[in-house]
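Enquirer: How does the following fold in three dimensions:
(one chain, ligands or ions: 1)
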Amino acid sequence: MDLHTPSPHNRSPVDQTLIQEILEVVEQAAIASAKLSGKGLKNEADAAAVEAMRKRMGQIQMQGRIVIGEGERDEAPMLYIGEEVGSGTGPGVDFAVDPCEGTNLCAFSQRGSMAVLAASDRGGLFNAPDFYMKKLAAPPAAKGKVDIRKSATENIKILSDCLGLSADELTIVVMDRARHKDLIAEIRATGARIQPISDGDVQAAIACGFAGSGTHCLMGIGAAPEGVISAAAMRALGGHFQGQLVYDPAVAQTKEWADLTKEGNLARLAEMGISDPDKVYEAAELACGQHVVFAGSGITDGLLFDGVKFEQDCTRTSSLVISNLDNTCRFTNTVHIKDGAQSIALS
Ligand code: VTB
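Expert: Just a heads-up that it's a prediction; the model follows:
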């Protein structure tokens, strides 16, 4: 039997009704944080998105569980790892959430912030530790051909061949961080173009899956939990995504890890049951569920969709849902009509 066609007696917990509700979850989170966009209030924008996401999730008939969220229970009052969400009855669904991905982008009204989540049947999303992750994302044509174990130079050559583009026609997105100094120099030496971003590597990774986004590859080190959300999207749309945990503070080069040591981080990973800290995770391992859904809604305008627009009679949201249930990418513009609305403009 085709594993992707559940029998009526064994219905998948991820069905079209759930997918519609998941879309509303990210829309509500995007609207809530967009109200704080540009105010320089990073934590407040995040908190507003978290609250809205949790509230809408609570209305879904499911036994939802957060596997990647705002952090451990003692540091996050809502959407913490292990929190049960939903009505408490119905199918079991696992979620990886980032209610305000790119909080700085939202706080300073810059491009690329969005409310995102990935959903799957139970156990279908890797319980990523709160570490850094080296990531490689590329279009479907380069899937399984580029490899995170290879050098940037080799991968750019492979990308060129797979996409039929010369190096100087390729755009490689890299986060603007001190840790990427050598990587940026290596990419430049190949002749490829670099698009530096200050934050928001989830959107950049997913954009690689779409021809016409102007983005051909994401390279570099970002956060590991969000890597699972990128992996879910890329797995569902057939793009390339690989991740490898980073445990050495000398590699991560981040203030957050100023007091941590490589040995201490390795011990933490071992405690978490990660026996091979150097393992390269494929998208289908990070998001291994039978059914995997990604949903993202723009807070500010971005590469794939616009941000929230507040108008007199309505609020508009632009979102993307990628699902391997029916192999679709749905770009959705929703008009949320306000009470007493007089007229809704076409766009
Ligand atoms: C970056 C940023 C992402 O995590 O990956 C960040 O682009 C972690 O890196 O949007 P720094 O600690 O160096 O900022 C995210 O915020 C989530 O992946």
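Enquirer: what's downstream of the helix or strand where residue 203 lies, the next helix or strand?
Expert: For residue 203, the element it lies in under DSSP states H and E is helix 201-207. Next helix or strand after helix 201-207 toward the C-terminus (DSSP H and E): strand 217-223.
Enquirer: quick one: buried residues of the helix or strand just after that following strand?
Expert: The helix or strand immediately downstream of strand 217-223 is helix 224-237, counting by DSSP H and E. Burial within helix 224-237, assessed by neighbour count using 16 or more other CB atoms under 10 Å, is assigned to 224-237. In short, each C-beta sits where N, CA and C put it, glycine included.
Enquirer: now swap in stretch 307-326 and tell me
Expert: 307-309, 314-325.
Enquirer: between those, which is nearest residue 333?
Expert: Nearest to residue 333 among the buried residues of stretch 307-326 is residue 318, at 5.3 Å by CB to CB.
Enquirer: Tell me the strands beside the strand or helix carrying the closest one, with direction?
Expert: Using DSSP H and E, the element containing residue 318 is strand 314-323. Partners of strand 314-323 in the sheet, by DSSP bridges, are strand 292-298 (antiparallel), strand 309-310 (antiparallel), strand 328-337 (antiparallel).
Enquirer: Go through the ones you listed and name the closest to the ligand.
Expert: Proximity to the ligand (CB to the nearest ligand atom) singles out strand 292-298 among these, at 12.4 Å.
Enquirer: any idea of the mean pLDDT in the closest one?
Expert: Here strand 292-298 scores 98 as its mean pLDDT.
Enquirer: Same question for residue 269, what's its three-state structure.
Expert: helix (DSSP: H, G, I helix; E, B strand; the rest coil).
Enquirer: thinking it is in contact with residue 246, fair?
Expert: No - applying CB atoms under 8 Å, one finds residue 269 not in contact with residue 246, separated by 10.8 Å.
Enquirer: the more surrounded of those two?
Expert: residue 246 (23 against 17; other CB atoms under 10 Å).
Enquirer: which ones are touching the more buried one?
Expert: Shown in contact with residue 246 (CB atoms under 8 Å, 6 or more residues apart in numbering): 131-134, 221, 224, 252.
Enquirer: Using neighbour counts, trim these to the buried set.
Expert: Buried among the contacts of residue 246 by 16+ other CB under 10 Å: 131-134, 221, 224, 252.
Enquirer: which among these gets closest to residue 79?
Expert: residue 224 (17.2 Å).
Enquirer: what's the closest non-adjacent residue to that closest one?
Expert: Spatial nearest neighbour of residue 224, excluding adjacent residues (CB to CB, 6 or more residues apart in numbering): residue 133 at 3.8 Å.
Enquirer: What count of nearby residues applies to the closest residue to the ligand within the chain?
Expert: Across the chain, no residue is closer to the ligand than residue 222, which sits at 2.8 Å (CB to the nearest ligand atom). Neighbour count for residue 222, taken as other CB under 10 Å: 24.
Enquirer: Name the nearest residue to it, sequence neighbours excluded.
Expert: residue 201 (4.0 Å).
Enquirer: now residue 68
Expert: Using CB to CB, 6+ apart and skipping residues adjacent in sequence, the residue nearest residue 68 is residue 96, 3.6 Å away.
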